[in-house]
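[1] Give the three-dimensional model of this entry:
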Amino acid sequence: MEQSLHLMDPSQLARIADLELLARLVVEGFLSGLHRSPHAGASVEFAQYRPYAQGDDLRFIDWKLFARTDRLHLKQFHEETNLRATILVDCSGSMDYGSAGLSKFDYARMLAACLAMMLNEQKDAAGLIAYHHELIVHLPPRNARRHLRRLLAELQALQPGGRTDTPGTLRFLGDVLQPRGMIILISDLLHPAEAMINHLKSLRAMRHDVIVFQVADPAERDFPFERTATFIDAEEAEELYAVPDLVRKGYLANRERHFGAIRRECLLAEIDAEEFLTSEPLDRALHRFIHRRNRSLMTSSLKRTQVVGGGRG
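    Here you go, the predicted model:
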(Lines give C-alpha, C1' and ligand atoms only; values in the text may rest on other atoms or scores of the structure.)
Protein backbone atom coordinates (compact mmCIF):
# COMPACT_ATOMS: atom_id res chain seq x y z
CA MET A 1 0.00 0.00 0.00
CA GLU A 2 2.83 2.38 0.82
CA GLN A 3 4.36 1.84 -2.61
CA SER A 4 1.00 2.42 -4.27
CA LEU A 5 0.53 5.74 -2.51
CA HIS A 6 4.10 6.73 -3.38
CA LEU A 7 3.39 6.10 -7.05
CA MET A 8 0.37 8.37 -6.80
CA ASP A 9 2.26 11.32 -5.30
CA PRO A 10 1.87 14.08 -7.92
CA SER A 11 5.40 15.40 -7.40
CA GLN A 12 6.76 11.93 -8.23
CA LEU A 13 4.36 11.31 -11.11
CA ALA A 14 5.23 14.62 -12.75
CA ARG A 15 8.72 13.27 -13.43
CA ILE A 16 7.30 10.60 -15.76
CA ALA A 17 7.09 12.10 -19.23
CA ASP A 18 5.14 9.25 -20.83
CA LEU A 19 1.49 9.69 -19.84
CA GLU A 20 0.55 6.11 -20.76
CA LEU A 21 3.33 4.69 -18.60
CA LEU A 22 2.33 6.99 -15.75
CA ALA A 23 -1.30 5.94 -15.91
CA ARG A 24 -0.42 2.26 -16.11
CA LEU A 25 1.85 2.44 -13.05
CA VAL A 26 -0.81 4.19 -11.00
CA VAL A 27 -3.78 2.09 -12.08
CA GLU A 28 -2.05 -1.28 -11.80
CA GLY A 29 -0.93 -0.38 -8.30
CA PHE A 30 -4.34 0.92 -7.33
CA LEU A 31 -6.46 -1.88 -8.76
CA SER A 32 -4.23 -4.68 -7.53
CA GLY A 33 -6.47 -6.72 -5.27
CA LEU A 34 -9.17 -4.03 -5.17
CA HIS A 35 -11.93 -6.04 -6.86
CA ARG A 36 -12.51 -8.10 -9.95
CA SER A 37 -13.23 -6.53 -13.32
CA PRO A 38 -16.59 -7.15 -15.02
CA HIS A 39 -16.44 -8.74 -18.47
CA ALA A 40 -18.52 -7.39 -21.30
CA GLY A 41 -21.64 -9.14 -22.45
CA ALA A 42 -21.84 -12.41 -20.57
CA SER A 43 -20.89 -11.69 -16.98
CA VAL A 44 -23.51 -12.11 -14.27
CA GLU A 45 -23.44 -11.62 -10.52
CA PHE A 46 -25.32 -13.83 -8.03
CA ALA A 47 -28.21 -11.97 -6.38
CA GLN A 48 -30.38 -14.36 -4.35
CA TYR A 49 -32.32 -17.63 -4.23
CA ARG A 50 -36.02 -18.10 -4.87
CA PRO A 51 -38.22 -21.21 -4.55
CA TYR A 52 -38.62 -23.38 -7.64
CA ALA A 53 -41.94 -23.10 -9.49
CA GLN A 54 -43.28 -25.45 -12.14
CA GLY A 55 -41.95 -24.48 -15.55
CA ASP A 56 -38.67 -23.00 -14.30
CA ASP A 57 -35.45 -23.96 -16.07
CA LEU A 58 -33.90 -26.91 -14.20
CA ARG A 59 -30.39 -25.79 -15.16
CA PHE A 60 -30.47 -23.10 -12.48
CA ILE A 61 -31.54 -25.27 -9.56
CA ASP A 62 -28.94 -25.31 -6.76
CA TRP A 63 -28.65 -29.07 -6.22
CA LYS A 64 -26.23 -28.68 -3.31
CA LEU A 65 -28.80 -26.58 -1.50
CA PHE A 66 -31.45 -29.18 -2.35
CA ALA A 67 -29.27 -31.90 -0.78
CA ARG A 68 -29.10 -29.92 2.47
CA THR A 69 -32.70 -28.69 2.66
CA ASP A 70 -34.72 -31.14 0.52
CA ARG A 71 -36.24 -28.09 -1.18
CA LEU A 72 -35.77 -26.84 -4.75
CA HIS A 73 -34.41 -23.30 -5.14
CA LEU A 74 -33.21 -21.39 -8.19
CA LYS A 75 -30.28 -19.01 -8.29
CA GLN A 76 -31.10 -15.49 -9.45
CA PHE A 77 -28.51 -13.21 -10.98
CA HIS A 78 -28.00 -9.54 -11.78
CA GLU A 79 -26.91 -8.81 -15.31
CA GLU A 80 -23.64 -6.86 -15.28
CA THR A 81 -23.61 -3.87 -17.59
CA ASN A 82 -20.67 -1.87 -18.84
CA LEU A 83 -20.24 1.81 -18.20
CA ARG A 84 -19.84 4.54 -20.80
CA ALA A 85 -17.87 7.38 -19.29
CA THR A 86 -16.87 10.72 -20.79
CA ILE A 87 -14.02 12.64 -19.17
CA LEU A 88 -14.08 16.42 -19.59
CA VAL A 89 -10.77 18.27 -19.12
CA ASP A 90 -10.73 22.05 -18.72
CA CYS A 91 -7.77 23.39 -20.73
CA SER A 92 -8.33 27.09 -20.08
CA GLY A 93 -5.60 29.53 -19.07
CA SER A 94 -6.46 29.48 -15.37
CA MET A 95 -5.61 25.77 -15.26
CA ASP A 96 -1.98 26.63 -16.06
CA TYR A 97 -1.35 27.97 -12.55
CA GLY A 98 0.95 26.10 -10.18
CA SER A 99 2.54 27.61 -7.09
CA ALA A 100 4.92 24.67 -6.54
CA GLY A 101 5.81 23.60 -10.07
CA LEU A 102 2.89 21.25 -10.72
CA SER A 103 0.06 23.11 -12.42
CA LYS A 104 -3.63 22.37 -12.09
CA PHE A 105 -3.60 21.35 -15.73
CA ASP A 106 -0.78 18.84 -15.13
CA TYR A 107 -2.75 17.33 -12.25
CA ALA A 108 -5.99 17.26 -14.26
CA ARG A 109 -4.27 15.57 -17.19
CA MET A 110 -2.69 12.91 -14.97
CA LEU A 111 -6.03 12.26 -13.29
CA ALA A 112 -7.82 12.02 -16.64
CA ALA A 113 -5.22 9.56 -17.94
CA CYS A 114 -5.55 7.37 -14.84
CA LEU A 115 -9.34 7.39 -15.05
CA ALA A 116 -9.25 6.42 -18.74
CA MET A 117 -6.80 3.61 -18.02
CA MET A 118 -8.91 2.40 -15.10
CA LEU A 119 -12.07 2.40 -17.22
CA ASN A 120 -10.29 0.38 -19.88
CA GLU A 121 -9.03 -2.13 -17.31
CA GLN A 122 -12.58 -2.51 -16.02
CA LYS A 123 -13.84 -3.24 -19.56
CA ASP A 124 -15.74 0.04 -19.55
CA ALA A 125 -15.84 2.59 -22.38
CA ALA A 126 -13.90 5.83 -21.95
CA GLY A 127 -14.34 9.03 -23.94
CA LEU A 128 -12.60 12.40 -23.80
CA ILE A 129 -13.62 16.00 -24.28
CA ALA A 130 -10.93 18.67 -23.94
CA TYR A 131 -12.03 22.29 -24.15
CA HIS A 132 -11.43 25.94 -23.33
CA HIS A 133 -13.60 28.54 -25.11
CA GLU A 134 -13.78 26.04 -27.97
CA LEU A 135 -13.92 22.27 -28.26
CA ILE A 136 -10.37 20.96 -28.71
CA VAL A 137 -10.82 17.18 -28.64
CA HIS A 138 -13.92 15.00 -28.81
CA LEU A 139 -13.50 11.23 -28.60
CA PRO A 140 -16.77 9.34 -28.00
CA PRO A 141 -16.61 6.53 -25.39
CA ARG A 142 -15.20 3.24 -26.62
CA ASN A 143 -13.53 0.22 -25.06
CA ALA A 144 -10.58 -0.73 -27.22
CA ARG A 145 -6.83 -0.69 -26.68
CA ARG A 146 -6.23 1.38 -29.81
CA HIS A 147 -8.85 3.90 -28.67
CA LEU A 148 -7.18 4.19 -25.25
CA ARG A 149 -3.80 4.85 -26.83
CA ARG A 150 -5.30 7.58 -28.99
CA LEU A 151 -7.04 9.12 -25.99
CA LEU A 152 -3.79 9.20 -24.01
CA ALA A 153 -1.92 10.64 -26.99
CA GLU A 154 -4.51 13.42 -27.28
CA LEU A 155 -4.13 14.16 -23.57
CA GLN A 156 -0.34 14.22 -23.92
CA ALA A 157 -0.55 16.83 -26.70
CA LEU A 158 -2.89 19.23 -24.90
CA GLN A 159 -1.73 22.67 -23.81
CA PRO A 160 -3.65 25.08 -21.56
CA GLY A 161 -4.67 28.54 -22.72
CA GLY A 162 -7.58 30.81 -23.51
CA ARG A 163 -10.89 31.44 -21.81
CA THR A 164 -13.17 28.70 -20.50
CA ASP A 165 -16.68 27.82 -21.61
CA THR A 166 -17.78 24.94 -19.44
CA PRO A 167 -21.53 25.62 -19.91
CA GLY A 168 -21.16 25.54 -23.71
CA THR A 169 -19.24 22.27 -23.54
CA LEU A 170 -21.84 20.69 -21.25
CA ARG A 171 -24.61 21.83 -23.60
CA PHE A 172 -22.80 20.16 -26.51
CA LEU A 173 -22.38 17.02 -24.43
CA GLY A 174 -26.09 16.86 -23.71
CA ASP A 175 -26.77 16.90 -27.45
CA VAL A 176 -24.41 14.07 -28.41
CA LEU A 177 -24.41 11.61 -25.48
CA GLN A 178 -26.73 8.67 -25.10
CA PRO A 179 -28.59 8.53 -21.75
CA ARG A 180 -27.34 6.61 -18.73
CA GLY A 181 -23.65 7.33 -19.07
CA MET A 182 -21.14 8.77 -16.63
CA ILE A 183 -19.73 12.28 -17.01
CA ILE A 184 -16.55 13.27 -15.15
CA LEU A 185 -15.77 16.99 -15.20
CA ILE A 186 -12.21 17.97 -14.22
CA SER A 187 -11.88 21.73 -13.84
CA ASP A 188 -10.85 24.47 -11.43
CA LEU A 189 -14.43 25.83 -11.76
CA LEU A 190 -13.14 29.41 -11.83
CA HIS A 191 -16.03 30.82 -13.80
CA PRO A 192 -19.64 31.88 -13.12
CA ALA A 193 -21.41 28.90 -11.65
CA GLU A 194 -25.10 29.32 -12.45
CA ALA A 195 -25.05 28.33 -16.12
CA MET A 196 -22.71 25.42 -15.44
CA ILE A 197 -24.93 24.11 -12.64
CA ASN A 198 -28.02 24.34 -14.85
CA HIS A 199 -26.37 22.24 -17.55
CA LEU A 200 -25.11 19.70 -15.00
CA LYS A 201 -28.66 19.36 -13.71
CA SER A 202 -29.92 18.86 -17.27
CA LEU A 203 -27.43 16.02 -17.71
CA ARG A 204 -28.66 14.43 -14.47
CA ALA A 205 -32.22 14.74 -15.77
CA MET A 206 -31.07 12.72 -18.79
CA ARG A 207 -30.09 9.98 -16.27
CA HIS A 208 -26.37 10.51 -16.55
CA ASP A 209 -24.21 9.93 -13.49
CA VAL A 210 -22.19 13.11 -12.95
CA ILE A 211 -18.96 13.63 -11.00
CA VAL A 212 -17.21 16.99 -10.60
CA PHE A 213 -13.53 16.96 -9.65
CA GLN A 214 -12.53 20.50 -8.76
CA VAL A 215 -8.75 20.89 -9.02
CA ALA A 216 -7.16 23.63 -6.92
CA ASP A 217 -3.66 24.83 -6.10
CA PRO A 218 -2.84 25.03 -2.36
CA ALA A 219 -2.04 28.74 -2.75
CA GLU A 220 -5.52 29.37 -4.15
CA ARG A 221 -7.08 27.74 -1.12
CA ASP A 222 -4.88 29.32 1.56
CA PHE A 223 -3.76 32.60 -0.08
CA PRO A 224 -0.35 32.54 1.67
CA PHE A 225 1.06 35.60 -0.10
CA GLU A 226 2.76 38.19 2.07
CA ARG A 227 4.26 40.78 -0.25
CA THR A 228 2.37 43.36 -2.25
CA ALA A 229 2.03 42.04 -5.79
CA THR A 230 0.27 42.40 -9.13
CA PHE A 231 -2.10 39.49 -9.79
CA ILE A 232 -2.84 38.70 -13.44
CA ASP A 233 -6.00 37.01 -14.72
CA ALA A 234 -4.70 34.09 -16.79
CA GLU A 235 -7.72 34.13 -19.10
CA GLU A 236 -8.58 37.82 -19.50
CA ALA A 237 -5.05 39.26 -18.90
CA GLU A 238 -6.49 41.80 -16.46
CA GLU A 239 -4.14 43.01 -13.72
CA LEU A 240 -4.94 43.68 -10.08
CA TYR A 241 -2.48 45.35 -7.71
CA ALA A 242 -3.17 44.14 -4.17
CA VAL A 243 -1.82 44.09 -0.64
CA PRO A 244 -2.37 40.47 0.52
CA ASP A 245 -3.06 41.34 4.16
CA LEU A 246 -5.85 43.68 3.10
CA VAL A 247 -7.58 41.37 0.61
CA ARG A 248 -7.00 37.93 2.14
CA LYS A 249 -10.16 37.83 4.27
CA GLY A 250 -12.41 39.01 1.46
CA TYR A 251 -10.79 36.66 -1.06
CA LEU A 252 -11.22 33.59 1.16
CA ALA A 253 -14.83 34.53 1.93
CA ASN A 254 -15.64 34.98 -1.77
CA ARG A 255 -13.93 31.71 -2.61
CA GLU A 256 -15.89 29.78 -0.01
CA ARG A 257 -19.13 31.42 -1.15
CA HIS A 258 -18.47 30.48 -4.80
CA PHE A 259 -17.47 26.86 -4.27
CA GLY A 260 -19.88 26.36 -1.38
CA ALA A 261 -22.76 27.30 -3.66
CA ILE A 262 -21.53 24.83 -6.30
CA ARG A 263 -21.26 22.01 -3.75
CA ARG A 264 -24.74 22.70 -2.36
CA GLU A 265 -26.38 22.77 -5.78
CA CYS A 266 -24.58 19.60 -6.81
CA LEU A 267 -25.65 17.85 -3.61
CA LEU A 268 -29.28 18.76 -4.25
CA ALA A 269 -28.99 17.36 -7.78
CA GLU A 270 -27.27 14.13 -6.62
CA ILE A 271 -24.01 15.13 -8.28
CA ASP A 272 -20.71 14.24 -6.62
CA ALA A 273 -18.52 17.35 -6.30
CA GLU A 274 -15.21 17.40 -4.46
CA GLU A 275 -12.12 19.56 -4.31
CA PHE A 276 -8.67 18.05 -4.88
CA LEU A 277 -5.43 19.92 -4.27
CA THR A 278 -2.55 19.43 -6.67
CA SER A 279 -0.46 18.39 -3.67
CA GLU A 280 -2.78 15.45 -2.87
CA PRO A 281 -2.01 11.89 -4.03
CA LEU A 282 -4.33 10.70 -6.77
CA ASP A 283 -5.68 7.77 -4.77
CA ARG A 284 -8.40 9.84 -3.08
CA ALA A 285 -9.87 10.86 -6.43
CA LEU A 286 -9.59 7.31 -7.76
CA HIS A 287 -11.30 5.90 -4.67
CA ARG A 288 -14.12 8.40 -5.14
CA PHE A 289 -14.46 7.38 -8.78
CA ILE A 290 -14.52 3.64 -7.97
CA HIS A 291 -17.15 4.21 -5.28
CA ARG A 292 -19.34 6.16 -7.66
CA ARG A 293 -18.79 3.69 -10.52
CA ASN A 294 -19.77 0.69 -8.42
CA ARG A 295 -22.83 2.48 -7.11
CA SER A 296 -23.82 3.44 -10.66
CA LEU A 297 -23.42 -0.11 -11.95
CA MET A 298 -25.33 -1.55 -8.99
CA THR A 299 -28.23 0.83 -9.60
CA SER A 300 -28.21 0.01 -13.29
CA SER A 301 -28.09 -3.73 -12.63
CA LEU A 302 -30.91 -3.62 -10.10
CA LYS A 303 -33.09 -1.76 -12.57
CA ARG A 304 -32.41 -4.41 -15.19
CA THR A 305 -32.31 -7.50 -13.01
CA GLN A 306 -32.23 -10.57 -15.17
CA VAL A 307 -33.80 -13.49 -13.38
CA VAL A 308 -31.86 -16.30 -14.97
CA GLY A 309 -34.11 -19.37 -15.05
CA GLY A 310 -36.94 -17.31 -13.59
CA GLY A 311 -39.18 -17.40 -16.64
CA ARG A 312 -42.05 -19.83 -17.02
CA GLY A 313 -42.40 -22.29 -19.90
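[2] Specify the next element, helix or strand, located C-terminal of the lowest-mean-pLDDT helix or strand in the chain.
    Taking mean pLDDT, DSSP states H and E as the measure, the chain has helix 2-7 as its least confident helix or strand, at a mean of 46. Next along the chain after helix 2-7, taking DSSP states H and E as the criterion, comes helix 10-13.
[3] Okay, buried residues for the helix or strand just after that next one please.
    Note on helix 10-13: by DSSP H and E, the next helix or strand toward the C-terminus is helix 19-31. Under the neighbour-count criterion of 16 or more other CB atoms under 10 Å, helix 19-31 has 19-20, 22-27, 29-31 buried. (Glycine included, C-beta is placed from N, CA and C.)
[4] Which helix or which strand is home to the closest residue in space to I136 that isn't next to it in sequence?
    Distance criterion CB to CB, 6 or more residues apart in numbering; nearest residue to I136, sequence neighbours excluded, is A130 at 4.4 Å. Here A130 sits within strand 125-131, counting by DSSP H and E.
[5] out of the buried residues of helix 19-31, who's nearest P167?
    Ranked by distance to P167 (CB to CB), the buried residues of helix 19-31 are led by L19 at 28.0 Å.
[6] I'd say the residue nearest to I136 and V137 touch.
    Yes: A130 sits in contact with V137 when judged by CB atoms under 8 Å, with a separation of 4.1 Å.
[7] okay, those two: which has more neighbours?
    A130 (24 against 17; other CB atoms under 10 Å).
[8] what pairs with the more buried one across the strands?
    Under DSSP bridges, the beta-bridge partners of A130 are V89, V137.
[9] sorry, back to before: how far away from the center of its chain is the strand holding A130?
    In this view, strand 125-131 has its centroid 11 Å away from the chain centroid, taken as CA atoms, centre = their mean, to the nearest Å.
[10] ok, now stretch 18-26?
    Stretch 18-26 sits 17 Å away from the centroid of its parent chain (CA atoms, centre = their mean).
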